[in-house]
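Undergrad: Sharing a model prediction with you, sequence too.
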Amino acid sequence: MITFKGVHKWFKNLHVLNDINLHVTPGEVLVVCGPSGSGKSTLIRTINQLEPINEGTLIVDGMDLSDKKTDINKLRAEVGFVFQQFNLYPHLSVINNITLAPIKIRKTPKAEAEEQAMALLERVGLAEKRDAYPLQLSGGQQQRVAIARGLAMQPRIMLFDEPTSALDPEMIGEVLAVMKDLARSGMTMVVVTHEMGFAREVAHRVVFMDYGVILEEAPPNEFFGNPQHERAQQFLRQLLTPMQCECP
Amino acid sequence: MQPLLNSGPPKGLPVLNYTFDWSIITSGQYFDWLVSGLVTTLKLSAVSIVMAFLLGLLIAVMRMAHSKPIRWLALAYLEFFRNTPLLVQIFFWYFGSYKILPVFINDWLNETGFEFAAAAIALTIYTSAFIAEDIRSGVLSIPREQMEAARSAGFSYLRSMQYIILPQAVRITIPPLVNQFLNVAKNSSLAMTIGVMEMTYQARQVESYTFKGFEAFTAATVVYLALSIIITVLVNVYNEKVLNAHKAA
């Protein structure tokens, strides 16, 4: 479904992705974690070419992103992206946020698009908010609408870039619940997150990155039970018991 | 000696040698002239602002295009029309342009009122340059993430602009746009120099016939002022309602 082969990326002199090799199979839930600045956000953003790669091969849903002839808009329509800051369209109501792309890009008739949007809003538990505007909602609610907006295009892959990092603690659960439900429905997902509970529960595989390199790649029970790389051990100690960590 | 305000001069004060007669501008033929002037001013301003908005939108999008030649073209347009006097531009379109136009277009323009067309074209082009910059700064104030969200949903650059960025930018741009509209209404008074019978032209006309310059131009002043205040209030009310609709109660 997604294949990285020897992918490199630089921001000026900074080597943000260094020889990435990774394969995601259909229906797989992949969690990417690592300290900030490790390149994990850049990694997920290359998958729908919000960040173009400089070197190597990246194939997403059969389309080669290193090929200039690939229709990038067509690819993006097949890949849902959920941002840390939600990025809902503030001038549109909830229902119009969700139906905009299906109506304008997929040419879905309005009534049908709204029907599908309502089903998605039911699924994320926000049916009663259909006519609200994004800024009238809490962060958790906005993020659930953003997930519904991504799903409205019936994507083959969903990407999540730290979807709970901007949320108040009491709202994280409601967003994770929606994502778990989605993972169990068989959606192919790549999730950048620090929510290790989520990774343990629904991930098929965990990737640990630092300095633009993939340092470890393992099923969650192996990754959490017996991390191999020293940086991963340190990272997990810090994340799981921050109070006892001897920070450098 | 003439009495002040028709009521006899206070003794010992210097006295104005002038009799005020407000009746000429509140009824009769001169009143009708002023009203027809106001109608022409409104027509000219409305036509110019609508066209200037559309043209300004186009120039703003060109100014932010990926292609360098298109950006330069838009920049040249902006610098050229913002940095030359409006009066010169009006004269250019009125006295200059017909010399290079085909005869049949000139004939048609003469029948439909060439003065009005020339003034509208000049006002449109001049104002569009300012509007383009207002819209551009509105667009720049929209967070970059909105464009990312639109692009990642599969919208092309232009469609993202159309559905997501510009609708937000235009809302932000409403206050400066209102300013531009008021500028157009005021600038349209320059059209009298090429014979468009708008408000200022008619006030001048009334003055010529009656020598009541104070009354005539007071009337024109009050009308321009009232127009500005009414538009400002209306748009503020609208603006508040639209903007507040998207915010928490």
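TA: On my side now, so go ahead. As the structure is a prediction and not an experimental result, all values here were calculated from the model.
Undergrad: residues contacting the residue in chain B that chain A sits nearest to?
TA: Nearest residue of chain B to chain A: residue B:154, at 3.3 Å (Cβ to the nearest Cβ). C-beta coordinates here come from the backbone N, C-alpha and C atoms, glycine included. Going by Cβ atoms under 8 Å, 6 or more residues apart in numbering or on different chains, residue B:154 touches A:73, A:74, A:76, A:77, A:78, A:101, A:105, A:153.
Undergrad: please redo it, this time with the cut-off set to 6 Å
TA: A:73, A:76, A:77, A:105 (Cβ atoms under 6 Å, 6 or more residues apart in numbering or on different chains).
Undergrad: Mind telling me what element the spatially most central residue of chain B is part of?
TA: When Cα atoms, centre = their mean is applied to chain B, the residue found nearest the centroid is residue B:184 (1.3 Å). Secondary structure from DSSP states H and E places residue B:184 in helix B:166-187.
Undergrad: now residue A:57
TA: Using DSSP H and E, residue A:57 falls in strand A:55-60.
Undergrad: Output the contacting helices and strands for that strand.
TA: Applying 3 or more Cβ pairs under 6 Å, 6 or more residues apart in numbering or on different chains; DSSP states H and E, one finds that strand A:55-60 contacts strand A:2-11.
Undergrad: Could you identify the helix or strand that succeeds the strand it packs on?
TA: strand A:14-24.
Undergrad: C-alpha coordinates for that following strand, PDB please?
TA: What follows is strand A:14-24, C-alpha atoms only, in PDB (Å, rounded to 0.1, in the frame of the first residue of the first chain):
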ATOM      1  CA  LEU A  14      19.400  19.400   7.600                       C
ATOM      2  CA  HIS A  15      19.000  15.800   6.700                       C
ATOM      3  CA  VAL A  16      15.400  15.200   8.000                       C
ATOM      4  CA  LEU A  17      14.900  11.800   6.400                       C
ATOM      5  CA  ASN A  18      17.800   9.500   6.000                       C
ATOM      6  CA  ASP A  19      17.500   6.300   3.900                       C
ATOM      7  CA  ILE A  20      13.900   5.400   4.900                       C
ATOM      8  CA  ASN A  21      12.800   1.900   3.900                       C
ATOM      9  CA  LEU A  22       9.400   1.000   5.000                       C
ATOM     10  CA  HIS A  23       6.400  -1.000   3.800                       C
ATOM     11  CA  VAL A  24       2.800  -0.700   4.900                       C
END
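Undergrad: quick one: the helix or strand following it to strand A:14-24, angle?
TA: Per DSSP H and E, the first helix or strand lying C-terminal to strand A:14-24 is strand A:29-33. On the basis of axes from the mean of the first three to the mean of the last three Cα atoms, to 10 degrees, strand A:29-33 is oriented at 160 degrees to strand A:14-24.
Undergrad: For chain B, what is the nearest residue in chain A?
TA: For chain A, Cβ to the nearest Cβ, closest residue to chain B: residue A:77, 3.3 Å.
Undergrad: Quick one: residues in contact with the helix or strand just after the helix holding residue B:184.
TA: Tracing the chain C-terminally past helix B:166-187 and defining elements by DSSP H and E, one meets helix B:199-210 next. Residues outside helix B:199-210 that contact it (Cβ under 6 Å, 6+ apart): B:24, B:30, B:33-34, B:37-38, B:41, B:189, B:192, B:213, B:216-217, B:220.
Undergrad: what helix or strand does the residue of chain A closest to chain B sit in?
TA: Counting by DSSP H and E, residue A:77 is part of helix A:72-78.
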